[in-house]
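S.K.: Sequence first, then the predicted structure:
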Amino acid sequence: MTTSPGRRRIVIGTAVAASVVVIAVIAGVFLVSRTSGPVAPHPGMALLVASDTAAAAAADAAADGSAQDRAADYLADMPTAVWLTPEKSGLGEVGPRVEGLLEQARAADAALTLVVYGLPARDCGRFSAGGLSPNQYPVWTAEIGEALRTQPEVPSIVILEPDSLALAPECGNVDERAAQLQAAIDDLSAENAWIYLDAGHSQWLPVDQLADLLTRAGIDRVRGFATNVSNYYALDDETAYAHELSRALGGAHAVIDTSRSGAGSNGEWCNPPGRLVGEEGAAFGDAVVDVNLWIKAPGESDGECNGGPAAGIWWPKAAIELTRASLR
């Protein structure tokens, strides 16, 4: 499907066609609609498709029916998390950005999915190096939290600092990271915000070690943890890992990134060839996994590896490859 530039619309992604459902029964659990207040993430939940994503811009720029246009158009219409980074939404900018996204979510009667990604020495200075200074970071997270609290009736799913805990032992900053995340939880906590600390993926650290790191970072004060963010492991693998980690944590909930899990992993994490988009966001959940989400935006590079551009930059080749099975 191709339309003219400016055609991008606000839509919602849901595994169940509905806008406001008074009571739904999903996986044997009664879920009350948002008319009675924000509910926990669940299968079939409406998720915002933001109108100003890289995929939307790429589709508007091409709009010619080419493979690049069709891939970008497909991805632009899928519910995908919005990444908040200081490089794109810095101090004084991130609050208005969140408020604008909440307005979009309200208009679509959908939940907003955010990734907070701005820690000092982010990614240990590697492919996604950057982040704020230790003094700036709490000001930035406080601004995000204040914005979230302006519209308490709009549900928000917040993924807090991908890779931060799983990388901490290697980076040698476990104590510092735990303290920063604890403080960020204070800043971001809101009636409408379901926060998930990042927990790496099923092939990274041992479950006991990750459970200890999550405990030190305040897992008892948030909804749970996120797995497979920006990675490629299959949903079944990550579901098993989530259940094992939940048991070690005494019952914490989870979300799983399925944005690029359709072909599983080949062992590489940075722009591996031959991958596919995975299950549509909000299509799956069980007693531990609240919902699967598209967290990493498909079509955006992991970094300057395997021919890709810098991390976070739109890469048409990847978009085409990831959607090749979906657009046959």
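M.R.: Looks like it came in fine.

S.K.: Now do the strands in the stretch 101-250 of the chain.
M.R.: Applying DSSP state E, counting those that start in this stretch to the stretch 101-250 of the chain gives strands spanning 112-116, 156-160, 193-198, 224-227.

S.K.: what mean pLDDT does stretch 259-268 have?
M.R.: For stretch 259-268, mean pLDDT is 97.

S.K.: If you count neighbours, what's buried in that stretch?
M.R.: Neighbour counts over stretch 259-268 (16 or more other C-beta atoms under 10 Å) mark 259-265 as buried. Where C-beta positions appear, they are placed from N, C-alpha and C, glycine not excepted.

S.K.: which residue is nearest the middle of this protein?
M.R.: The centroid of the chain falls nearest to residue 295 when counting by C-alpha atoms, centre = their mean (2.8 Å).

S.K.: The strands of the stretch 101-250 of the chain into CSV, with extra columns for mean neighbour count?
M.R.: Converted to CSV, the strands of the stretch 101-250 of the chain look like this (neighbours: other C-beta atoms under 10 Å):
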stretch, mean neighbour count
strand 112-116, 26
strand 156-160, 26
strand 193-198, 25
strand 224-227, 28
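
S.K.: Relative to residue 235, which of these is closest?
M.R.: strand 224-227 (10.2 Å; C-beta to C-beta).

S.K.: Quick one: classify the spatially closest residue to residue 242 that is not a sequence neighbour as helix, strand or coil.
M.R.: Sequence neighbours aside, residue 254 is the residue nearest to residue 242 in space, at 4.0 Å (criterion: C-beta to C-beta, 6 or more residues apart in numbering). Under DSSP: H, G, I helix; E, B strand; the rest coil, the three-state class of residue 254 is strand.

S.K.: What segments of the stretch 1-150 of the chain are helices?
M.R.: 54-62, 67-76, 94-108, 136-148 (DSSP state H, counting those that start in this stretch).

S.K.: Counting by contacts, list what the longest one packs against.
M.R.: Packed against helix 94-108 by the contact rule (3 or more C-beta pairs under 8 Å, 6 or more residues apart in numbering; DSSP states H and E) you find strand 47-49, strand 82-84, strand 112-116, helix 136-148.

S.K.: Packed most tightly, which of those would that be?
M.R.: Sort those by mean neighbour count, taking mean count of other C-beta atoms under 10 Å, and strand 47-49 sits at the top with a mean of 28.

S.K.: Check the offset of it from the chain's centre.
M.R.: 12 Å (C-alpha atoms, centre = their mean, to the nearest Å).

S.K.: Touching stretch 172-187 from outside, list them.
M.R.: With C-beta atoms under 8 Å, 6 or more residues apart in numbering as the test, stretch 172-187 has contacts from 116, 119-121, 134, 137-138, 141-142, 144-145, 160-161, 164-165, 168, 171, 195, 197, 213, 216-218, 221-222.

S.K.: Can you lay out the helices of the stretch 1-150 of the chain as a markdown table showing mean pLDDT?
M.R.: As requested, the helices of the stretch 1-150 of the chain are arranged in a markdown table below (pLDDT from 0 to 100):
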| stretch | mean pLDDT |
| --- | --- |
| helix 54-62 | 93 |
| helix 67-76 | 96 |
| helix 94-108 | 97 |
| helix 136-148 | 98 |
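
S.K.: re the thing from before, is it possible to export the helices and strands packed on helix 94-108 to CSV including distance to residue 230?
M.R.: As requested, the helices and strands packed on helix 94-108 are exported to CSV (distance: least, C-beta to C-beta, whole Å):
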stretch, distance to residue 230
strand 47-49, 18
strand 82-84, 10
strand 112-116, 9
helix 136-148, 20
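
S.K.: Please identify which of these is closest to residue 99.
M.R.: helix 136-148 (4.9 Å).

S.K.: on that earlier part again, export the helices of the stretch 1-150 of the chain to TSV and append columns for distance to residue 321.
M.R.: Formatted as TSV, the helices of the stretch 1-150 of the chain follow (distance: least, C-beta to C-beta, whole Å):
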stretch	distance to residue 321
helix 54-62	14
helix 67-76	8
helix 94-108	29
helix 136-148	33
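
S.K.: Just say which of the ones you listed is most tucked in.
M.R.: Highest mean neighbour count among the helices of the stretch 1-150 of the chain (mean count of other C-beta under 10 Å): helix 67-76, with a mean of 23.

S.K.: separation between the closest residue to residue 299 other than its chain neighbours and residue 207?
M.R.: The shortest distance from residue 299 to any non-neighbouring residue, by C-beta to C-beta, 6+ apart, is to residue 319 (3.4 Å). Using C-beta to C-beta, to the nearest Å, residue 319 is found at 34 Å from residue 207.

S.K.: before we move on, what about residue 138?
M.R.: 30 Å.

S.K.: Then residue 200?
M.R.: Residue 200 sits 10 Å away from residue 207, going by C-beta to C-beta.

S.K.: Would you list the phi and psi of the nearest residue to residue 274 once chain neighbours are set aside?
M.R.: Nearest residue to residue 274, sequence neighbours excluded (C-beta to C-beta, 6+ apart): residue 263, at 6.2 Å. Dihedral angles of residue 263 (phi, psi; degrees, to the nearest 10) stand at phi -110, psi 10.
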